[in-house]
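Chemist: I'd like to go over a predicted model; first the sequence, then the structure.
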Amino acid sequence: MNIFFNKLSDEFVKFIEWFKTKGFLEPSLVFLFALVIRGLYLFEFYKNPFFDLIFSAFDQYCFDKAAGQIASGNIFGPFYSEKYSATYFYFLGVIYSIFGRNFIIIYGIQFLIGAISCVMLYAVSKKLFSRNIALIASLYGALYGPIIFHEGKLLRESIFIFLVIASFYSILRFCERNNYVSAFSAALFSSLAMQTRPNSIFLIPFIFYYLFASLSPSSKENRKGPLAAYFIFFLFISAPLLIRSYIINHRFIFYDDSGFITLALGNSPDYGGWGWGYTPLFQKFLDSGEQSLKGTLLHILNNFSSSPIKFLYLYLRKLFFVCNNWEIPSNVSYYIYRDFSLILSLPISNFSILFSLGITGMILNIRNYKKLRLLYFFSIGLFLSIIFVWINARFRLPLAPFLIIFSASAIAEIVKGIKLRQRMAYGYSLIILALLIFSNFPIGMDKIRPIDYGNTGLAYLENPRFKDLAIAEKYLEKAGSEKSLRYGSRDYYVEVNLFLLDFYQKQGRLDKVYEKYERTKRILPFDPKIEQTMGRLFFNRKDYPRAEIYYKKAIELNPKNFSYHNELGIIYGDSGNIEEAIAEFIKAININPSEPDAYYNLSRAYSFKGMLKEAEDALRKGEALKRGKQVSASESVSESEKS
């Protein structure tokens, strides 16, 4: 038995040596390490209420719905939303078709792709630099929180990062091997990357230029065939989804129907520099109805020609936010998720560290520009794809792998310089410090938006696995604090606090209802919606005298509001004050004579008074208005089906 185990041990050692000799050992360890980290995050993420809950306002909802359509047999479309490129729809749709809507499997597959991306990061870094730098880069990529965070989302970034790295690696291989297989591989990944995130088209000219420039005179003839094949492959791979988009939308769309809109917002001089928002100039563009290539270019050119200085300031603002440590949210907040995850909270996940080390690495490696030209090209192309549109953290994420490679080279170079006591190493350390200070410059607002707190509170109410009123209240109160007003979100502040009034009333906590009402009224004393909400709360409790008081306050603040008069009429009717009810319903009808509800209410009030003829007239008018609305609605549906 001992002889058997000794022989088995010897064979295992030989296998490891062979595995190591072939260069498989380190990539395998990188893959396992990245997979373990992502497995741990998956375990943490499962305890997050957003794990299997997607609100309809989220971008993820569109991808989720489209994938469900594909899984149910609607392969060609139109899909739930056509404003996004269909590439990720199909990726997700295949998973749904095979495994169903199982979030553990969906995220697991995306995390697996993320682990493969780390191996590719190792391969690219080793090819361009050295084994040590490759290990640093791949481990950095395996631990970088924002990448892991987005791999756990139904968003394009989960596969786009892989496609960009694969595109880079396959182009390097194509230039080395110069054959048709490598040409196809390079064309496949670069085209799929462009189709997944159409704004990455800014990267494509750099790729084309690099391929032409890489042809030395001595080998130009030999490379002509594979290079021509690359462009043919690229066009053929890029064409099907373009054709599909044209057939579905009856007009040319460059994969992503929202592309021109995001470009227009990002080039409106009154844009604040981060996040999504409707500025006056952007709203003017939307109202023009010219959401086409021509219309968008005219919008940009007109803005630039009319105010070039403002245009310059716009790009300085955007540059600041692209480089800032703040993980700018779109639908969900990275910082909220850190409350549920130790892995996302690691210091290595701070963008300011990556940015500072990455830029320093770019400066350090200028002397090796010829060898690293493609690395610089990808970095510049991806940067342009970010800066030209509106800014949020997930748009800059594809740049992270290339900053990681430069960061790894900077770390290795500075450590080497410090060991050799070279002064330049300390000089580069000062550059890193200066960049850290710049990228951590205060943004002048809280990193977590009120709406992020609000969404988290709602998640604790709507996800049955996590339903917890106390935790929901904590987040909703943060959402409804005065910070909402400092963010400029007056409407959201009102919305959240009205929701909280109802939230406390349903629990029978009238002390909290009054406290919330008084606090909100102090801040917004002239908002009638607050009075209306209080009136509804007391009406639901059948406390008609108090309900009447608050509705009268609402009418005092806005006497021309149909709903206030109509609802006050209902309160009068339920409390037996029929004369007052009739008067309020008539006022409501005078404000909005096309709304049938007030006629129905008036008809009932007349019936109680025994005024049957008047009741019949009011009912007939209400029915006529209702039929008119139904016809109008059916015509609208018919028109939309035709289009």
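Modeler: On my side now, so go ahead. Numbering: from 1, shown residues only.
Chemist: what's the least confident helix or strand in this structure, going by average pLDDT?
Modeler: Lowest mean confidence among the helices and strands of the chain (mean pLDDT, DSSP states H and E): helix 2-21, at a mean of 52.
Chemist: Could you tell me how far stretch 443-454 lies from the centre of the chain?
Modeler: The chain centre lies 15 Å from the centre of stretch 443-454; the measure is CA atoms, centre = their mean, to the nearest Å.
Chemist: and it, what's its mean pLDDT?
Modeler: Averaging pLDDT along stretch 443-454 yields 88.
Chemist: swap in stretch 619-632?
Modeler: Mean per-residue pLDDT for stretch 619-632: 74.
Chemist: Using PDB, write down the CA coordinates of that stretch.
Modeler: Coordinates of each C-alpha in stretch 619-632 appear next as PDB, following Å, rounded to 0.1, in the frame of the first residue of the first chain:
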ATOM      1  CA  LEU A 619     -74.700  59.600 -15.000                       C
ATOM      2  CA  ARG A 620     -75.300  59.900 -18.800                       C
ATOM      3  CA  LYS A 621     -72.600  62.500 -19.100                       C
ATOM      4  CA  GLY A 622     -70.100  60.400 -17.100                       C
ATOM      5  CA  GLU A 623     -70.900  57.300 -19.300                       C
ATOM      6  CA  ALA A 624     -70.400  59.300 -22.500                       C
ATOM      7  CA  LEU A 625     -67.000  60.700 -21.300                       C
ATOM      8  CA  LYS A 626     -65.900  57.200 -20.200                       C
ATOM      9  CA  ARG A 627     -66.800  55.700 -23.700                       C
ATOM     10  CA  GLY A 628     -65.000  58.500 -25.300                       C
ATOM     11  CA  LYS A 629     -61.900  57.800 -23.300                       C
ATOM     12  CA  GLN A 630     -62.100  54.000 -24.100                       C
ATOM     13  CA  VAL A 631     -62.400  54.800 -27.900                       C
ATOM     14  CA  SER A 632     -59.400  57.200 -27.700                       C
END
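Chemist: Give me the contact list for it.
Modeler: Taking contacts as CB atoms under 8 Å, 6 or more residues apart in numbering, the residues outside stretch 619-632 that touch it are 594-600, 603. For every residue, glycine as well, the C-beta is placed using N, CA and C.
Chemist: Show me the helices in the stretch 201-350 of the chain, by range?
Modeler: Here the stretch 201-350 of the chain has its helices, by DSSP state H, counting those that start in this stretch, at 204-213, 220-249, 259-266, 280-288, 293-306, 308-323, 334-338.
Chemist: Any idea which of these gets closest to residue 508?
Modeler: helix 334-338 (29.6 Å; CB to CB).
Chemist: Quick one: list the elements packing against the closest one.
Modeler: Of the remaining helices and strands, those touching helix 334-338 by 3 or more CB pairs under 8 Å, 6 or more residues apart in numbering; DSSP states H and E are helix 145-151, helix 450-462.
Chemist: let's see 10 Å
Modeler: helix 25-45, helix 145-151, helix 450-462 (3 or more CB pairs under 10 Å, 6 or more residues apart in numbering; DSSP states H and E).
Chemist: Any idea how many residues pack against residue 98?
Modeler: Residue 98 has 11 neighbouring residues, counting by other CB atoms under 10 Å.
Chemist: List the contacts of it.
Modeler: 71, 105, 109 (CB atoms under 10 Å, 6 or more residues apart in numbering).
Chemist: Could you measure from the first one over to residue 240?
Modeler: Translated: residue 71. As judged by CB to CB, to the nearest Å, residue 71 and residue 240 stand 20 Å apart.
Chemist: Looking at the two, which is more packed in?
Modeler: Shown here are residue 71 and residue 240; by other CB under 10 Å, residue 71 has more neighbours (19 against 11).
Chemist: Kindly provide the distance from the more buried one to residue 56.
Modeler: Counting by CB to CB, the gap from residue 71 to residue 56 is 19 Å.
Chemist: Disregarding residues adjacent in the polypeptide, which is nearest to residue 303?
Modeler: Closest residue to residue 303 apart from its sequence neighbours, by CB to CB, 6 or more residues apart in numbering: residue 269 at 5.4 Å.
Chemist: Touching, that neighbour and residue 305? I think so.
Modeler: No. Under the criterion of CB atoms under 10 Å, residue 269 is not in contact with residue 305, lying 11.2 Å apart.
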